[in-house]
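Got a sequence here, can you model it:
(one chain, ligands or ions: 1)
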Amino acid sequence: MALLAVRDLSIDIAGIKPLDGIGFAVDKGEILGIVGESGSGKSLTALTVMGLLPLIGGRVARGSIRFDGTELTTLPEPDFRRLRGRRIAFITQNPMTSLDPVMRVGAQIDQVSRLHLGLDAKAAQARSIALMERLRLPSAATVYHHYPHQLSGGMKQRIVIAMALAADPDLIIADEPTTALDVTIQAQIVQLLVELVRDRGVALILITHDMGVVAQACDRVVVLYAGRVAESHGVQAIFAAPRHPYTQALIRCIPRDGMAPGSLAGIPGSVPSVANYPAGCRFHPRCDRAGAPCAATVPPLEHLPSGAEVACHFAETREVANA
Ligand code: SF4
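Residues are numbered from 1 along each chain as shown. This next block holds a predicted model:
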């Protein structure tokens, strides 16, 4: 049984449906990438799984989210609160949204293990410093006493990762955890996060717009476009034979060694706003392979013999052609 299984999930925010029938599963200890451009629904997926949709006036309109056998879409908020932080932890894009600016960072990590694991002050401090050392924070015992404003962006995000791990969760959801950081340390932080979750057997959902990060870190990937799943598959398989034109375009966007400056292939156009989703395949206005049925008929998410799931009218022929 998957640790987390999301099925046919649709949400409603003020009468609009930014997520439309999405599904995916994460096994214990697995790293799942959720990838797509801004506006594809990645962060809303994270908020929905965390039970935080009501904070932005949204609700689950249809579908199921099962975590270790418990249905989350109907879980009362007091029960959800016990799950958050303890069994499912969240790492946001900007560390300052997770850190209290007037509290020493060590005390903020301690708080998590004291609340969720019942540790006393001394045991919590020892655990926090050990975690900080594992996250390669230099002089961890000193930094423990610092305030967030005394730390660099990369150090702050390491503190947030330590907070996420402090209660030994089963699942961490990391929403673009390096977006706010200097490009030179982004890969280091992802690498550290991956090392720590692999060591501890923690499942990770890594949300990113960058297929390069998926290649670096993930076991499987779900590609979202305009609130629907475009494709999902194992990472090696999807890089070897991407079926959906959007996946192919995202892979073409990864900078490669030897690439001339300015030659990065972008994807023409942008993700439509939720109020203006086109009929049929939502990618059709940007798709260089669009054919007769694409503007009128929604492509169903099909399970191909290779194990891939793809929502494209021509995925089958492309798989045969690529095999
Ligand atoms: Fe392109 Fe048509 Fe496939 Fe959509 S269904 S991705 S428009 S070929």
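
Roughly how far does the most centrally placed residue in the chain sit from the ligand?
Nearest to the geometric centre of the chain sits residue 207, at 2.3 Å (C-alpha atoms, centre = their mean). Counting by C-beta to the nearest ligand atom, to the nearest Å, the gap from residue 207 to the ligand is 22 Å. For every residue, glycine as well, the C-beta is placed using N, CA and C.

Show me which residues of the stretch 201-323 of the chain are close to the ligand?
Within the stretch 201-323 of the chain, the positions near the ligand by C-beta under 6 Å from any ligand atom are 244-245, 281, 283-284, 287, 289-291, 294, 299, 312-314.

hmm, who's touching the lengthiest helix in the chain?
Longest helix in the chain by number of residues (criterion: DSSP state H): helix 183-200. Helix 183-200 is contacted by residues 29, 31, 91, 134-136, 153-154, 157-158, 161, 165, 168, 172, 174, 177-178, 181, 202-204, 206, 213, 216-217 when judged by C-beta atoms under 8 Å, 6 or more residues apart in numbering.

What are the boundaries of the strands in the protein?
Applying DSSP state E to the chain gives strands spanning 4-13, 16-26, 31-35, 58-67, 70-71, 88-91, 171-175, 203-208, 220-225, 228-234, 302-303, 309-310.

which parts of the second one are buried?
Of the residues in strand 16-26, those buried by neighbour count under the rule 16 or more other C-beta atoms under 10 Å are 17, 18, 19, 20, 21, 22, 23, 24, 25, 26.

Which pLDDT value does the model give the spatially closest residue to the second one that is not a sequence neighbour?
Nearest-residue entry for residue 18: residue 274, 4.6 Å, with adjacent residues in sequence omitted and distances by C-beta to C-beta, 6 or more residues apart in numbering. According to the prediction, residue 274 has pLDDT 92.

Residue 274 contacts residue 282, correct?
No. The criterion here is C-beta atoms under 8 Å, and residue 274 misses it with residue 282 at 10.3 Å.

These two - which one has more neighbours?
The neighbour comparison of residue 274 against residue 282 (other C-beta atoms under 10 Å) goes to residue 282, with 25 against 17.

how about the more buried one, what does it touch?
Shown in contact with residue 282 (C-beta under 8 Å, 6+ apart): 225, 226, 227, 228, 272.

biggest separation within those, which pair?
Spanning the widest gap among the contacts of residue 282 are 228 and 272, at 11.8 Å by C-beta to C-beta.

The two: who's more crowded?
Between residue 228 and residue 272, counting by other C-beta under 10 Å, residue 228 is the more crowded of the two (23 against 17).

Could I get the pLDDT score of the residue lying closest to the more buried one once chain neighbours are set aside?
Counting by C-beta to C-beta, 6+ apart, residue 20 is the residue found nearest to residue 228 once chain neighbours are left out, at 5.3 Å. At residue 20 the predicted local distance difference test score is 95.

and residue 72, what does it touch?
Contacts of residue 72 by C-beta under 8 Å, 6+ apart are 49, 51, 65, 66, 80, 83.

wait, isn't the fourth one in contact with residue 5?
Yes. Judged on C-beta under 8 Å, residue 66 makes contact with residue 5 at a distance of 4.7 Å.

Touching both of those two, which residues are there?
Shared contacts of residue 66 and residue 5, defined by C-beta under 8 Å, 6+ apart, are absent.

quick one on the thing from earlier: from residue 39, how far out is the residue nearest to residue 228?
From residue 20 across to residue 39, the span is 14 Å (C-beta to C-beta, to the nearest Å).

Equivalent analysis for residue 232, please.
19 Å.

of the two, who's got more company?
Using other C-beta under 10 Å as the criterion, residue 232 and residue 39 rank with residue 232 on top: 27 against 18.

Which parts of this structure are helices?
For the chain, the helices defined by DSSP H cover 42-49, 77-83, 105-117, 121-134, 140-143, 153-165, 183-200, 211-217, 235-240, 245-252, 315-322.

Format those as a markdown table; extra columns: mean neighbour count and mean pLDDT.
Formatted as a markdown table, these follow (neighbours: other C-beta atoms under 10 Å; pLDDT from 0 to 100):
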| stretch | mean neighbour count | mean pLDDT |
| --- | --- | --- |
| helix 42-49 | 22 | 96 |
| helix 77-83 | 12 | 94 |
| helix 105-117 | 21 | 97 |
| helix 121-134 | 18 | 97 |
| helix 140-143 | 16 | 98 |
| helix 153-165 | 24 | 96 |
| helix 183-200 | 16 | 93 |
| helix 211-217 | 21 | 94 |
| helix 235-240 | 17 | 96 |
| helix 245-252 | 22 | 94 |
| helix 315-322 | 14 | 57 |
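
JSON lines for the ones you listed, including distance to residue 57?
Output for the helices of the chain, formatted as JSON lines (distance: least, C-beta to C-beta, whole Å):
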{"stretch": "helix 42-49", "distance to residue 57": "11"}
{"stretch": "helix 77-83", "distance to residue 57": "15"}
{"stretch": "helix 105-117", "distance to residue 57": "28"}
{"stretch": "helix 121-134", "distance to residue 57": "36"}
{"stretch": "helix 140-143", "distance to residue 57": "38"}
{"stretch": "helix 153-165", "distance to residue 57": "26"}
{"stretch": "helix 183-200", "distance to residue 57": "31"}
{"stretch": "helix 211-217", "distance to residue 57": "30"}
{"stretch": "helix 235-240", "distance to residue 57": "35"}
{"stretch": "helix 245-252", "distance to residue 57": "29"}
{"stretch": "helix 315-322", "distance to residue 57": "36"}
